[in-house]
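Undergrad: When you get a sec, could you give me coordinates for this:
(chains A, B, C and D)
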2 protein chains.
Amino acid sequence: MSTATTPSSRRELNKAATRRAIADAALAQLRSKGEGNFTVEDIAAEAGVSRRTFFNYFTGVESALASLADRFLEHALEQFRLRPAEEPVLESARAALLALADPMTAAPIAELFSLTSSSQSLGRCELEAWDHCTDQIIAAARERLGAGADELQLRAMAGSVIACGKAAMSVWFDERGADLSPESLAVFREHLVTAVGMLANGFAAPQPS
Amino acid sequence: MSTATTPSSRRELNKAATRRAIADAALAQLRSKGEGNFTVEDIAAEAGVSRRTFFNYFTGVESALASLADRFLEHALEQFRLRPAEEPVLESARAALLALADPMTAAPIAELFSLTSSSQSLGRCELEAWDHCTDQIIAAARERLGAGADELQLRAMAGSVIACGKAAMSVWFDERGADLSPESLAVFREHLVTAVGMLANGFAAPQPS
DNA sequence: GTGCAAAAATGCACTTAGTGTAAAGATGTG
DNA sequence: CACATCTTTACACTAAGTGCATTTTTGCAC
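TA: Now for the predicted structure:
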């Protein structure tokens, strides 16, 4: 503990806390009032800041909610970066995706998913979060593979892996709603494994024997 | 002349024309003034309708521009639907993607890509268009495969194919800008083929010898 | 053509998003 | 404590987006 790992002055910490408070307030409003029934002013009030301050941190409601999704997708990224460099990238990506099925990680993202799934405009922030995650995987993989990496392969692979993550989550969600019980999460995990397995198989054989 | 091929009454046709006029006006404004330097009122004026009418057709500028992307992604969808039902889905998808490299199709989408690539908020409409296309591929594939289809496989595959399309387009764009010359389009086409090839190969061997 | 009903376009008023700016408040430094 | 810097806030303003009443267009029957 003691001095942080990052050069965080008190100011940095306060800013991070404010940012987080605002994002959490946005989620709270979404939870209690539902899509479209609250304003930025409501969020600011709940977070205990002025309306103007909200806009100092986020460009809008979607942006604030996307930061929540990012927070948890970030966890998966972390896993990716921790994998040994010699490991095939696809394998690392699979391991990272599995981190999504961790209860602590899945819970908030599943809730966000359920709260936003009925809305076109809020569905966007999910979309954006996944896309952002794709970019970060690409960056991480590029860093690992060095300058000689094939950009096309990198982007196609990262995009495909994320697509599998999205597919697994959406099928899981259709089947189980926001059920976060251990059995349900096991199903989610299985879907993730299956999807990435099919990907690694080129979607060739329906039953990979 | 005479009665239309689709059961479109005159009213439907007029509506479609207005919708199109508005979308085109939005593109024209984007072209001439650039991201963020024009308003909905400008678009409405250029399209020759009132501000209010704009909002009768679209929810906002992004929505209007996304409809342009949709118009051309639709062309690829068409190709998919035309493929024989016995063909492997992945193969059909590849054929459909190749339709994007057709000059008539690529030109508008490439322009939109170049006009929106510098903007976060407008990049969203691209994102949304691709996502919409994914949904339609899923629907088309589901229809082809009947009720027995594996939803997870369907969604993972469609998402991956689209990811390959996005990857090919973004790499191409990074390399060639909005160059639409035949050679440049050949490169684009090659990237599409390569990306889907890697996908069909499970991203296994860098040189699939 | 004339009249009529349905649909589309418009004008207007209103709430909310989002931003520039300047002043007030908090924080780190010597 | 004094000072420079960063953060929050208040205020004012433009533009987005929506509800509603009204006017204009359109399709259809006579």
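Undergrad: Break chain A down into its structural domains.
TA: A:1-58, A:60-200 (automatic domain parsing).
Undergrad: what's the most buried one of these?
TA: Counting by mean count of other C-beta atoms under 10 Å in any protein chain shown, domain A:60-200 has the highest mean neighbour count of the domains of chain A, with a mean of 19. Where you see a C-beta, it was placed from the backbone N, CA and C, and this is true even at glycine.
Undergrad: quick one: is stretch A:118-137 near chain B?
TA: Yes - interface with chain B: stretch A:118-137 contributes A:121, A:124, A:127, A:128, A:131 (C-beta under 8 Å from any C-beta of the partner chain).
Undergrad: Can you give the contact residues for that stretch?
TA: A:30, A:35-36, A:62-63, A:65-66, A:69-70, A:73, A:76-77, A:80, A:93, A:96, A:112-113, A:115-117, A:158-159, A:161-162, A:165-166, B:59, B:124, B:127-128, B:131 (C-beta atoms under 8 Å, 6 or more residues apart in numbering or on different chains).
Undergrad: for stretch A:163-175, same thing?
TA: Contacts for stretch A:163-175 (C-beta under 8 Å, 6+ apart): A:97, A:100, A:109-110, A:113-114, A:117, A:130, A:184, A:187-188, A:191-192, A:194-196, A:198-199, B:151-152, B:155-156, B:158-160, B:162-163.
Undergrad: Now do the contacts for the residue nearest the centre of chain A.
TA: Central residue of chain A (C-alpha atoms, centre = their mean): residue A:73, 2.8 Å from the mean position. For residue A:73, the contact set (C-beta under 8 Å, 6+ apart) comprises A:100, A:109, A:129, A:130, A:132, A:133.
Undergrad: Helices - which of those land there?
TA: The helices, defined by DSSP state H, take in A:109, A:129, A:130, A:132, A:133 from the contacts of residue A:73.
Undergrad: and the two most separated of those residues?
TA: Farthest-apart pair in the ones in helices among the contacts of residue A:73 is A:109 and A:132; separation 13.4 Å (C-beta to C-beta).
Undergrad: so how far is chain B from residue A:186?
TA: 15 Å (C-beta to the nearest C-beta, to the nearest Å).
Undergrad: Next one, pLDDT for that residue please.
TA: pLDDT, residue A:186: 92.
Undergrad: what's the helix or strand for the residue lying closest to residue A:33 once chain neighbours are set aside?
TA: Of all residues not flanking residue A:33 in the chain, residue A:42 sits nearest, at 7.5 Å (C-beta to C-beta, 6 or more residues apart in numbering or on different chains). Here residue A:42, judged by DSSP states H and E, is contained in helix A:40-47.
Undergrad: Extract the CA atoms of that helix and return them as PDB.
TA: The C-alpha trace of helix A:40-47 is given here as PDB (Å, rounded to 0.1, in the frame of the first residue of the first chain):
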ATOM      1  CA  VAL A  40     -28.700  14.600 -16.600                       C
ATOM      2  CA  GLU A  41     -29.800  16.900 -13.800                       C
ATOM      3  CA  ASP A  42     -31.200  14.000 -11.800                       C
ATOM      4  CA  ILE A  43     -27.900  12.200 -12.200                       C
ATOM      5  CA  ALA A  44     -25.900  15.200 -11.100                       C
ATOM      6  CA  ALA A  45     -28.100  15.700  -8.100                       C
ATOM      7  CA  GLU A  46     -27.800  12.100  -7.000                       C
ATOM      8  CA  ALA A  47     -24.000  12.300  -7.400                       C
END
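Undergrad: Name the next helix or strand following that helix along the chain.
TA: helix A:51-57.
Undergrad: Which elements pack onto that following helix?
TA: Packing partners of helix A:51-57 (3 or more C-beta pairs under 8 Å, 6 or more residues apart in numbering or on different chains; DSSP states H and E): helix A:10-33, helix A:40-47.
Undergrad: Now the weakest link among the ones you listed, please, by mean pLDDT.
TA: helix A:10-33 has the lowest average pLDDT among those, namely a mean of 93.
Undergrad: How about residues contacting it?
TA: A:6, A:8, A:38, A:42-44, A:46-49, A:53-54, A:57-58, A:61, A:64-65, A:67-68, A:71, A:111-112, A:115-116, A:122.
Undergrad: Return only those of these found close to DNA strand D.
TA: With C-beta under 7 Å from any atom of the strand as the criterion, the contacts of helix A:10-33 include A:48, A:49, A:53, A:57 near DNA strand D.
Undergrad: and those residues as a markdown table, adding pLDDT and distance to residue B:15?
TA: Shown next, in a markdown table, are those (pLDDT from 0 to 100; distance: C-beta to C-beta, whole Å):
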| residue | pLDDT | distance to residue B:15 |
| --- | --- | --- |
| A:48 | 96 | 48 |
| A:49 | 97 | 45 |
| A:53 | 98 | 44 |
| A:57 | 97 | 41 |
